[in-house]
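Enquirer: Need coordinates for the following:
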Amino acid sequence: MTRCSRWAVAITCAGFLMGLAGCGRSTPSGPTVEPSELGRQKVAAFQKLADEVNKDPNAIAAAGALEEYTMIPFNPQDSPRHAEEILRIYRERVQGKGGKYAGEIQQAIAGIQAGLQRAK
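Expert: Predicted coordinates for the structure are as follows:
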């Protein structure tokens, strides 16, 4: 082996070992959020989504509100009261409005409904 290739192998191995050494550490997790707080945030985000869909179901603002809604982690089994509230808002204010994002909204609602069914 040439002198240059030995150094390249040594540096590569050292980098690999340093990477492995970092993998064993536990990463500090962020602050935990109570399921009821996540449920409240999810309901507020869905209310905003309903407002935007009622203004214009094809608007970019509706897409942004949908993305904001989907980014909030939520398990309907942990907070069935909030899940029921989301379904109520959907039935009263969003269902049947159509628009570009209707299919994605229906998928999100199907996830809420399925989670509630597992809770029962």
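Enquirer: quick one: residue 115 and residue 82 touch, right?
Expert: No. Residue 115 sits out of contact with residue 82 when judged by CB atoms under 8 Å, with a separation of 10.9 Å. The C-beta positions use only the backbone N, C-alpha and C, and glycine is treated the same way.
Enquirer: Overlap in contacts, these two.
Expert: Counting by CB atoms under 8 Å, 6 or more residues apart in numbering, the shared contacts of residue 115 and residue 82 are residue 76.
Enquirer: Between these two, which has more neighbouring residues?
Expert: residue 82 (23 against 17; other CB atoms under 10 Å).
Enquirer: In this structure that one contacts residue 44, no?
Expert: No. Residue 82 lies out of contact with residue 44 (CB under 8 Å); the separation is 9.9 Å.
Enquirer: The residue positioned nearest the centre of the chain: what's it in contact with?
Expert: Taking CA atoms, centre = their mean as the criterion, residue 71 is the residue nearest the geometric centre of the chain, at 3.1 Å. Neighbouring residues of residue 71 by CB under 8 Å, 6+ apart: there are none.
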